[in-house]
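In: predicted model follows, preceded by the sequence.
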There are 2 protein chains.
Amino acid sequence: MASEGSEAQNPGDGGGGGPPKLQFVPFSSALDAGFWHELTQRKLNEYKLDETPKAIRGYYYNGDPAGMPARLTLEFSAFDINTPTPAHCCPAIGTLYNTNTLESFKSCDKKFLLEQAAIELWNTITSGDAIENPVLLNRFLLLTFADLKRYRFYYWFCYPALCLPEGISLIQQPVCLGAKFSPAQIRALQSAYDELCQKEGLTALPYFLIKYHDESVFVSLLKNWKDFFPDQREKVILGVYDPSNFTQYPGWPLRNLLVLAAHRWGSRLHSVEVLCFRDRTMQGARDISHSIVFEIKLPPMAQNSAGCPKAVGWEKNQKGSMGPRMVNLSECMDPKRLAESSVDLNLKLMCWRLVPTLDLEKVVSVKCLLLGAGTLGCSVARTLMGWGVRKITFVDNAKISYSNPVRQPLYEFEDCLEGGKSKALAAADRLQKIFPGVNAEGFNMSIPMPGHPVNFSEVTMQQAQRDVAHLEELIDAHDVIFLLMDTRESRWLPAVIAASKRKLVINAALGFDTFVVMRHGLKKPKHQEVGDSPCNNPCGSADLLGSSLFSNIPGYKLGCYFCNDVVAPGDSTRDRTLDQQCTVSRPGLAMIAGALAVELMVSILQHPEGGYAVASSSDDRMNEPPTSLGLVPHQIRGFLSRFDHVLPVSLAFDKCTACSPKVLDQYERDGFNFLAKVFNSSHSFLEDLTGLTLLHQETQAAERLVSRLTYKHCSGHLTLEKQITKNHHHKNKITEIK
Amino acid sequence: MASEGSEAQNPGDGGGGGPPKLQFVPFSSALDAGFWHELTQRKLNEYKLDETPKAIRGYYYNGDPAGMPARLTLEFSAFDINTPTPAHCCPAIGTLYNTNTLESFKSCDKKFLLEQAAIELWNTITSGDAIENPVLLNRFLLLTFADLKRYRFYYWFCYPALCLPEGISLIQQPVCLGAKFSPAQIRALQSAYDELCQKEGLTALPYFLIKYHDESVFVSLLKNWKDFFPDQREKVILGVYDPSNFTQYPGWPLRNLLVLAAHRWGSRLHSVEVLCFRDRTMQGARDISHSIVFEIKLPPMAQNSAGCPKAVGWEKNQKGSMGPRMVNLSECMDPKRLAESSVDLNLKLMCWRLVPTLDLEKVVSVKCLLLGAGTLGCSVARTLMGWGVRKITFVDNAKISYSNPVRQPLYEFEDCLEGGKSKALAAADRLQKIFPGVNAEGFNMSIPMPGHPVNFSEVTMQQAQRDVAHLEELIDAHDVIFLLMDTRESRWLPAVIAASKRKLVINAALGFDTFVVMRHGLKKPKHQEVGDSPCNNPCGSADLLGSSLFSNIPGYKLGCYFCNDVVAPGDSTRDRTLDQQCTVSRPGLAMIAGALAVELMVSILQHPEGGYAVASSSDDRMNEPPTSLGLVPHQIRGFLSRFDHVLPVSLAFDKCTACSPKVLDQYERDGFNFLAKVFNSSHSFLEDLTGLTLLHQETQAAERLVSRLTYKHCSGHLTLEKQITKNHHHKNKITEIK
């Protein structure tokens, strides 16, 4: 039996000449997958880099079938020390030493830890605490290192047992209860034990006192020693709730009880009978008759013994030698769940040391709608996946062409064959292939656009109406709307709907080596609108546009993509040359802009005011950042040729063709009827509606209008800005082409 | 026969009462795939947005089997007007009108183009040029639009034919030559024609004069009219090299000849015999007896006719109606070749309007070695693919783990199963899947590192030696070496080898929300080294480090990744906590840094001095950029929390542990023996060698050394820099951790 072999190697317990010595079955640590899962969670979310010892709980049972090891079980509940102990189980008090590195796991001073635990045990014995509360004798240590990257858990378990210097001599070999007690006595013992448990409100009594006369058996708590054994000559039986399932050997818990007994009562007890109480339910009937009884010689131990006895208890590993164990859960875990845990891990690591205040849940739970699944859409989706976002929906009406895969990182050559797959559907499929835990959907769908008439026939009108309704539903069902299309006018409808529905809009657009990434101003909730909307606010008028106005602009006053324009969107795809049809941009640009679009979203989500947060400008780079992740700009305009970004801030325009109150009111009142007019009309319809037409007439020079867009500059950037305009290959390419 | 039907619809040629009118077989345009391919190339590389008419060449043949259409063939050679005409073919002079958009193709004024061509034809007739050089009568127009995105080519062919107002009456129906000429006469005609061709050095005579007496037949050029027909009463036969394969109808070329004849000789010739010379090789024997002969009435045309006659000639489409034709080459092209063309297209479009001076070949042909196939490696590879780079090689020794795919955009969930595929091999496979035209390879291989001993056994030493040799071979075989690993020390060996081999090194490293992307200084070629190496140059000493020194630093004086450090690299992986083992960075960071690393490489390659180019700093943002793509900085340091980049410049350090002359000399002299010492030793070996140890002793405070790295600031950035250091979560994370 393994118990003997392994036991014999613990010094001071067995061997030698003279009378046979009592041997004990050590605990086998039984750490289940739930324990490791919970350790993973605690490590990631709570302990992080904290290596201080943690209180945990284990338990053991005394009803396992014969031949089973004596298990000390740790489940997911081990970390909650207030969890009730399972029925018929005995609790054990543990200390978890979880290290941050495998090196510190290995180099941990296990001798010292054991000595420390022994001293604590000894103190509870000498102070009398253990007599009051015998569970204090059930201590264990658990040294762990969790390699969360590979789902490997290294651990070393220790159940410290104090050793009596000379070992314990057996006076009478163990026999089973039935051989010594009458059936009536056995029944009486069982009743007495059960009653005491119930009275004490315990699931099991780890240690207790027993005495019997004829048919009657009495059981009592250790602390009642004097009352229970008033007669010095009365036969003393020590009861132990015994996890061992071997007929010849008691389990480990008895060891500390015997040291307590030797220390406490050794002067009176030269020998003592021990009853290892074992329970078993066979075919529905409870049975304790396989409990064992034996008698030992208790070595004397001075009451005021100078030092703490030595202790043993580190568990052997699977090979039977002293060493740690390792469990590789990656092999038995569902790979998909493993992928989910691994992705979470990388994210949670950010919270350990770098950004402890990061609220990951706000990011992971956000539902993102990506309008456009081209170069920008693919890069945005990839970055969202990196941030652990689980709900990603694509809308696109294009098919994958041969030139796409090298620039659109969700597609492959095969996707181009036979006319090409739908981008939206293929993108969603790819996300699932990358990470099965994502909830990705794709809709192969057109977005109706101003200046692209839909009134050719009843059929086309109905299709447009369905497309609008579907887009409205999608925007409703998501939290953040990304505008990632390749024309200006296709951004108009979602910009209007999202503004009306108060959804956060992140817009990205590319030039050849320039880009803009911006958040749209987020209108106030409708009930708060009165008296403070950008429309009633004079901020749109040119005479008030001093740079001081561009400080502290809250999110609801910020402009949208169309606020900077003085013409309504129209059909920009007609009569374009090849280089205007294709997105001709430096290949790295979309990756940079896509990544920044997501990082901007994350920073905004981390701000307590979200989309209403005051916009950061280039100037704010020198100030304390408003979120743990940094600034929350309105716009990031990038210039790859200079490896430079500027952070302009611009106000909502009260004549904006997309987000001005006039447009939103009309949309909210007339719905598709209004939209259809916009799709079917030329520029002038929206321009008349918003007052742009009048403005055009009033202002002789359009240049004065362009100056509305006043950037906020660092002192060093002012001349730079002029330079940009000069060097820019296409002056307004960013806003016009895309 | 199609020829009649289609011909009958051309006005002025057939129908009406009176004597039967002569009808003609129009040309069928035969534009082969080679033509479109060459048009694509010219459009992309030469014409770009230029819409001006281009001279092209076609040809026709007169030896096709009976019943074949009369083809005017355009091959890839059509664009080279000096290409010799194929044997037995007659050239035609074309004008290509290639439009930039489908709209301008459609809206092109075809009536005007035809009138213009008619006037030119008429002018050559009235001026006498056409008599001197009858090929001038063989004109055609080709209107095209090449949709290079979808490989669809729209075209409309026109062979302008001037019309005689009343048509041409047949006096004698066509008969074949054999019915009119004796075999001897036929042989004589054939000989006379061949002799004249040979004399004139032509592959075919398009138009010629014929007369015959008994057995003898004479052939002459149009310009010899007067000498050839001195006798006004002699029978005139006009010869035409005839592409028609129908026994009853001549081909189109005859039309302009008859107008010339009517205009030129109409006063003398009331009727004229026409010989449509047709050639055929049957079973090895040449035969012209199927040529046809007929007689027509030539309508009078005044010598000084007021206006140009009207013209016809736009080809009908496949449906038989007036309209353009379209050929979709994407269907018949090899999809892999199509993918290659499409990828090229997107790149070449950049050269059209945006960066006409871009030398794409320098980028596309560069061979890139990516050391590291993790977050950075994947993003770098993706961006290289976008730039059309065809040779990409990965080195990595890691396997793909479950957390990788969401951040490493070349891997999927399936790659993680069963322990995970090798990153290097899987990355190369993925590139092939994305774009079959790429030449990607992966090597699952470790890079020996300082402080990671390899001298455990003979076997480990030999393995290290093999790894070094392989890395040296790989660096030799590539042009640009990307350092994209996740430890500092793994960058040491490739940095040394690449410096020694004078390869351009691009280095990228990530912090949590900061990154550095840099090019290593490129040492001068070995023969130029003496007297000007950084070692002999005092630029390394601290007293000369005024900011003026940081202007105009050429590439060979720039520092490497290790130049900023005052400790040698060693084992940084021991005893790291989980958040230090994993790359804990904002998910967008690697995409940004990876994209910038490639864009930096491309900008450097575009500079005439390449890696030797003077480094741009943040200050240079205001100056004229040194390349068409912009600046060529030494380093780009990015700060995502502020959405900011700075462009520091730093000098090579004469005590650098990687690129200083002492290290390179030792490496070049002792090879692996030297390297093995570095791998097996602690920091001190390299520090002793380079003199860092002495420097440490001499300078009491290490802080003074750190100030060696003096950034060059914009005035506005100076305070910013201080801010960075203060706010930086890990002060030196960039250089220390990665």
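Out: Cool, the structure landed.

In: residues from the stretch 201-350 of chain A in reach of chain B?
Out: On the criterion C-beta under 8 Å from any C-beta of the partner chain, chain B has as its neighbours in the stretch 201-350 of chain A the residues A:Ser330, A:Pro335, A:Lys336, A:Leu338, A:Ala339, A:Ser341, A:Ser342, A:Val343, A:Leu345, A:Asn346, A:Leu349, A:Met350. In short, each C-beta sits where N, CA and C put it, glycine included.

In: distance of the fifth one relative to A:Gly437?
Out: When distances are taken as C-beta to C-beta, to the nearest Å, A:Ala339 and A:Gly437 turn out to be 6 Å apart.

In: more neighbours, those two?
Out: Comparing A:Ala339 with A:Gly437 by other C-beta atoms under 10 Å in any protein chain shown, the one with more neighbours is A:Ala339, at 24 against 18.

In: contact partners for that one?
Out: A:Phe435, A:Pro436, A:Gly437, B:Tyr402, B:Ser403, B:Pro405, B:Phe413, B:Cys416 (C-beta atoms under 8 Å, 6 or more residues apart in numbering or on different chains).

In: and the pLDDT at the last one?
Out: If I follow you right, that is B:Cys416. At B:Cys416, the model reports a pLDDT of 92.

In: ok, now the first one?
Out: A:Phe435 is assigned a pLDDT of 95 by the prediction.

In: distance check, the closest residue in space to it that isn't next to it in sequence against B:Ala597.
Out: Among residues not flanking A:Phe435 along the chain, B:Val406 sits closest, at 5.1 Å (C-beta to C-beta, 6 or more residues apart in numbering or on different chains). According to C-beta to C-beta, B:Val406 stands 21 Å off from B:Ala597.

In: and the strands in the stretch 1-150 of chain A?
Out: Ranges of strands in the stretch 1-150 of chain A, per DSSP state E, counting those that start in this stretch, are A:27-31, A:54-61, A:70-74, A:89-99, A:139-147.

In: domain parsing for chain A?
Out: A:2-165+A:312-332, A:169-304, A:357-737 (automatic domain parsing).

In: can you show me the strands along the stretch 601-738 of chain A?
Out: A:635-639, A:644-646.

In: tell me the mean pLDDT for the longest one?
Out: pLDDT averaged over strand A:635-639 equals 95, rounded to a whole number.

In: note down every partner strand of that strand and its orientation.
Out: Within its sheet, strand A:635-639 is paired with strand A:514-519 (antiparallel), strand A:644-646 (antiparallel), according to DSSP bridges.

In: out of these, which one sits most buried?
Out: Of all the strands paired with strand A:635-639, strand A:514-519 carries the top mean neighbour count, a mean of 26, counting by mean count of other C-beta atoms under 10 Å in any protein chain shown.

In: quick one: the residue of the stretch 251-400 of chain A found nearest chain B from A:Leu431, how far?
Out: Nearest residue of the stretch 251-400 of chain A to chain B: A:Gly386, at 2.7 Å (C-beta to the nearest C-beta). A:Gly386 is 12 Å from A:Leu431, where distance means C-beta to C-beta.

In: in the stretch 51-200 of chain A, which spans are helices?
Out: Ranges of helices in the stretch 51-200 of chain A, per DSSP state H, counting those that start in this stretch, are A:102-107, A:110-127, A:129-132, A:177-180, A:183-200.

In: which parts of the second one are buried?
Out: Think helix A:110-127. A:Lys110, A:Leu113, A:Leu114, A:Gln116, A:Ala117, A:Ala118, A:Glu120, A:Leu121, A:Trp122, A:Thr124, A:Ile125, A:Thr126 (16 or more other C-beta atoms under 10 Å in any protein chain shown).

In: could you do the first one as well?
Out: By 16+ other C-beta under 10 Å, the buried positions in helix A:102-107 come out as A:Leu102, A:Phe105.

In: so who does A:Asn397 touch?
Out: A:Ala424, A:Asn444, A:Met445, A:Ser446, A:Ile447.

In: quick check: phi and psi on it?
Out: phi -110, psi 10 (degrees, to the nearest 10).

In: what of A:Val468?
Out: Residue torsions, per degrees, to the nearest 10, at A:Val468 are phi -60, psi -50.

In: helix or strand: which one has the residue positioned nearest the centre of chain A?
Out: The centroid of chain A falls nearest to A:Asp344 when counting by C-alpha atoms, centre = their mean (5.4 Å). Using DSSP states H and E, A:Asp344 falls within helix A:335-352.

In: nearest residue to A:Glu132 in space, please, no chain neighbours.
Out: Using C-beta to C-beta, 6+ apart, the closest residue to A:Glu132 is A:Lys223 (5.4 Å).

In: number of residues surrounding the one you found?
Out: 15.

In: correct me, but A:Val175 touches A:Glu295?
Out: No - applying C-beta atoms under 8 Å as the test, A:Val175 and A:Glu295 come out as separate, 10.0 Å apart.

In: how about A:Pro625, what does it touch?
Out: Counted by C-beta under 8 Å, 6+ apart, A:Pro625 has contacts A:Ser616, A:Leu631, B:Ser641, B:Arg642, B:Asn727.

In: so what's the second one up against?
Out: Counting by C-beta under 8 Å, 6+ apart, A:Leu631 touches A:Ser603, A:Ser616, A:Asp620, A:Arg621, A:Pro625, A:Leu647, B:Ser641, B:Arg642, B:Phe643.

In: narrow the residues you listed to those in helices?
Out: A:Ser603 (DSSP state H).

In: which pLDDT value belongs to A:Ala440?
Out: pLDDT, A:Ala440: 97.

In: pull out the buried positions in stretch A:186-204.
Out: Buried-residue list, stretch A:186-204, by 16+ other C-beta under 10 Å: A:Ile186, A:Ala188, A:Leu189, A:Gln190, A:Ala192, A:Tyr193, A:Leu196, A:Cys197, A:Thr203, A:Ala204.

In: the residue nearest to A:Thr73 when sequence neighbours are not counted: how many residues sit nearby?
Out: In this structure, A:Thr73 finds its nearest non-sequential neighbour in A:Ala30, 4.5 Å apart by C-beta to C-beta, 6+ apart. Using other C-beta under 10 Å, A:Ala30 is surrounded by 17 other residues.
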